[in-house]
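Participant: Structure for the following, please:
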Amino acid sequence: MIENLKVGILGGGQLGGMLIRHAIDLGLSISVMDKDPNAPCARYTSSFVCADPKSYEDVLEFGKGLDVITIEMEAVNIDALRELEKQGKKVFPTPDTIKVIQDKFTQKQFLLSHNIPVVPGDAIEDRNELYKYENKLPGCLKKRRNGYDGYGVMVLKSGADIATAFDEPCVLEELVDIKHEIAVIVARNEHGAVTCYDPVMMVFSEEKFVLESQVAPAQLAEGMQEEATRLAEKIADALQLVGILAVEMFVTKDNRILVNELAPRPHNSGHHTIEASTTSQYEQLLRAILGLPLGDTSLHLPSLMLNLLETAALAANRVEKLKALLDIPGAHLHWYGKKGSRIGRKVGHVTITGSTMEAIAVKAETIREILN
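Facilitator: Prediction:
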């Protein structure tokens, strides 16, 4: 029975916390490793290991007593995971899949090799090399590794911006004329069964490049939903994915779809599935990696998800603001319980469900006013 399986997660953030809550529904106990002793998952499991997911020795030691290992972040030691596979442990997504996606340029090259349309980009070794590409500006500069929640992304408008650009391996991408940003969560199991959630529309902060809100289902022109879903399924098959994958995409003003980035784990763009879908992305991940049938991805309610970022106003009057938020019918709060305070940090999200998107949008605006 699956309740006897020993399952481990590399990474102890809010994604791991939500995964643990769904693992409880399946009778599973979960081990977690994170280098932060105050990581959110530390309070959700009696089997929390404070160690570094990037360390070969730490990952090897963590995995030796487990049956199945998964991730909630990409910054993990691939060599250790490969050794654990040789020892008979199941690692999903596979080390090969994680390796492709860890580096944004390698990821882009992989997609191009499988005829997936992407945003054109050049590999840049350091800041000095950017001067050779000054004639390609304006452009979007992304760190090749370890970027998350908008960290590791900046727009270079002209050569004058190069002096303050990232001084490490990056990808310099063309600026795309974007009409919409969308995402599709796709799941695939060891038997090759594939299923997708409906595309969602994403709205990003223009200053910090972090997801501000997300609407499900996305309102797309005819045929766009099918094309986005087809691309996600094609990528999952190309990667031989076992688990779930978030495929972030741009819809251009001339109605082309370009793949932006991949994340082989639970993702911010799929948080709404907890309240709005028959099977959440977290349950779906567990189904995929444990050899269970994939779940129904149907959206049974429209929804809008708002990320909650730490602000001075929220930090100063947190209890009253969250009480007011919880007084709104159809609003479901997920508070991550992170230790300490840092302006701009993601501290939670709220999913609003309802019968019409118009009514949901009104409630979302009320919540924004409460939080300001």
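Participant: now residue 2: how far from residue 15?
Facilitator: Between residue 2 and residue 15 the computed distance is 21 Å (Cβ to Cβ, to the nearest Å). Backbone N, C-alpha and C define where each C-beta goes, glycine included.
Participant: Between these two, point out the one with more neighbours.
Facilitator: More neighbours surround residue 15 than the other of residue 2 and residue 15, with 26 against 16 (other Cβ atoms under 10 Å).
Participant: Chain neighbours aside, what residue packs nearest to that one?
Facilitator: Nearest residue to residue 15, sequence neighbours excluded (Cβ to Cβ, 6 or more residues apart in numbering): residue 72, at 4.0 Å.
Participant: Report how many residues lie close to the one you found.
Facilitator: With other Cβ under 10 Å as criterion, residue 72 counts 25.
Participant: helix or strand for residue 49, which one?
Facilitator: Per DSSP states H and E, residue 49 falls inside strand 47-50.
Participant: Show me what that strand is packed against.
Facilitator: Packing contacts for strand 47-50, counted by 3 or more Cβ pairs under 8 Å, 6 or more residues apart in numbering; DSSP states H and E, involve strand 30-34.
Participant: Need the mean per-residue confidence for the strand it packs on.
Facilitator: What strand 30-34 shows for mean pLDDT is 98.
Participant: Tell me where the model's unsure across the chain.
Facilitator: For the chain, applying pLDDT under 70 flags the ranges 1, 149-150, 207-208.
Participant: just the helices in it please.
Facilitator: With helices called from DSSP state H, the chain shows them at 14-25, 56-63, 78-86, 95-102, 104-113, 127-130, 224-239, 273-276, 281-289, 312-316, 318-326, 357-371.
Participant: what about the nearest residue to residue 148 once chain neighbours are set aside, how many neighbours?
Facilitator: Excluding the flanking residues, the one nearest residue 148 by Cβ to Cβ, 6+ apart is residue 73, at 7.5 Å. Neighbourhood size, residue 73 [other Cβ under 10 Å]: 19.
Participant: Could you number the chain from 30 rather than 1 from now on?
Facilitator: From this message on, residue numbering opens at 30, which makes the last subject residue 102.
Participant: Next, residue 102: phi, psi?
Facilitator: For residue 102, the backbone dihedrals (degrees, to the nearest 10) come out as phi -160, psi 160.
Participant: What separation do you get for it and residue 376?
Facilitator: As judged by Cβ to Cβ, residue 102 and residue 376 stand 17 Å apart.
Participant: hmm, back to that, which one of the helices of the chain is the most hemmed in?
Facilitator: Greatest average neighbour count among the helices of the chain goes to helix 310-318 (a mean of 25), per mean count of other Cβ atoms under 10 Å.
Participant: Would you mind giving the orientation angle of it with respect to helix 43-54?
Facilitator: Note on geometry: by axes from the mean of the first three to the mean of the last three Cα atoms, to 10 degrees, helix 310-318 and helix 43-54 are set 70 degrees apart in direction.
Participant: So which elements touch helix 310-318?
Facilitator: Applying 3+ Cβ pairs under 8 Å, 6+ apart, we find helix 310-318 packed against helix 43-54, strand 97-100, strand 207-217, strand 272-281, helix 302-305.
Participant: need these in JSON lines with distance to residue 348, can you?
Facilitator: Converted to JSON lines, those look like this (distance: least, Cβ to Cβ, whole Å):
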{"stretch": "helix 43-54", "distance to residue 348": "20"}
{"stretch": "strand 97-100", "distance to residue 348": "34"}
{"stretch": "strand 207-217", "distance to residue 348": "33"}
{"stretch": "strand 272-281", "distance to residue 348": "33"}
{"stretch": "helix 302-305", "distance to residue 348": "23"}
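Participant: Give me the most central residue, the protein.
Facilitator: By Cα atoms, centre = their mean, the mean C-alpha position of the chain lies nearest to residue 296, the distance being 2.7 Å.
Participant: Apart from its neighbours in sequence, what residue is nearest that one?
Facilitator: In space, and not counting its chain neighbours, residue 296 is closest to residue 275: 3.4 Å by Cβ to Cβ, 6+ apart.
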